[in-house]
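Colleague: after the sequence you'll find the predicted model.
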Amino acid sequence: MPKQKTHKGIAKKITVRPGGSTKIGKTGMNHMSGKKPSSYNRAGRKGSVLSSADANRYKKALRG
């Protein structure tokens with residue numbers, strides 16, 4: 001039986017931390033940042049943590 005491939009689209013977007021939590025970039029951070037409040041832009045640099053349900057789905061796709 002062939003091996004399961006890693007989902008490359010997800011692999012580029014998330015990082016799994018050593019503790020097991022999953023970090024993903026904040027939405028809306030790619031363009032038009034001049035219109036957004038500077039506080040929003042600063043908060044966006046930090047990224048966010050996925051919910052446990054989403055993290056389990058994403059980790060399954062990354063297992064490869």
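Modeller: Great, that's in hand.

Colleague: where's Arg57, which helix or strand?
Modeller: Assessed by DSSP states H and E, Arg57 sits inside helix 52-62.

Colleague: contact partners of that helix?
Modeller: With contacts defined as Cβ atoms under 8 Å, 6 or more residues apart in numbering, helix 52-62 is touched by 6-7, 10-11, 14, 16, 21-22, 50. (Each C-beta comes from the backbone N, C-alpha and C, glycine too.)

Colleague: among those residues, which ones are buried?
Modeller: 14, 22, 50 (16 or more other Cβ atoms under 10 Å).

Colleague: hey, what's the first one bridged with?
Modeller: So the one you mean is Ile14. For Ile14, the beta-bridge partners are Ile24 (DSSP bridges).

Colleague: touching, it and His7? I think so.
Modeller: No - in this structure, Ile14 is not within contact of His7 by Cβ atoms under 8 Å, at 10.1 Å.

Colleague: just for this structure, where's the confidence low?
Modeller: Counting by pLDDT under 70, the chain contains low-confidence ranges at 64.

Colleague: for it, what spans make up the helices?
Modeller: Per DSSP state H, the chain carries helices over the ranges 8-13, 38-46, 52-62.

Colleague: could you list every helix and strand in contact with the shortest one?
Modeller: Read that as helix 8-13. helix 52-62 (3 or more Cβ pairs under 8 Å, 6 or more residues apart in numbering; DSSP states H and E).

Colleague: contacting residues for the nearest residue to Lys13 once chain neighbours are set aside?
Modeller: Once flanking residues are discounted, Lys13 sits nearest to Ile24: 6.0 Å by Cβ to Cβ, 6 or more residues apart in numbering. Contacts for Ile24 were tallied using Cβ under 8 Å, 6+ apart; they are 13-15, 47-50.
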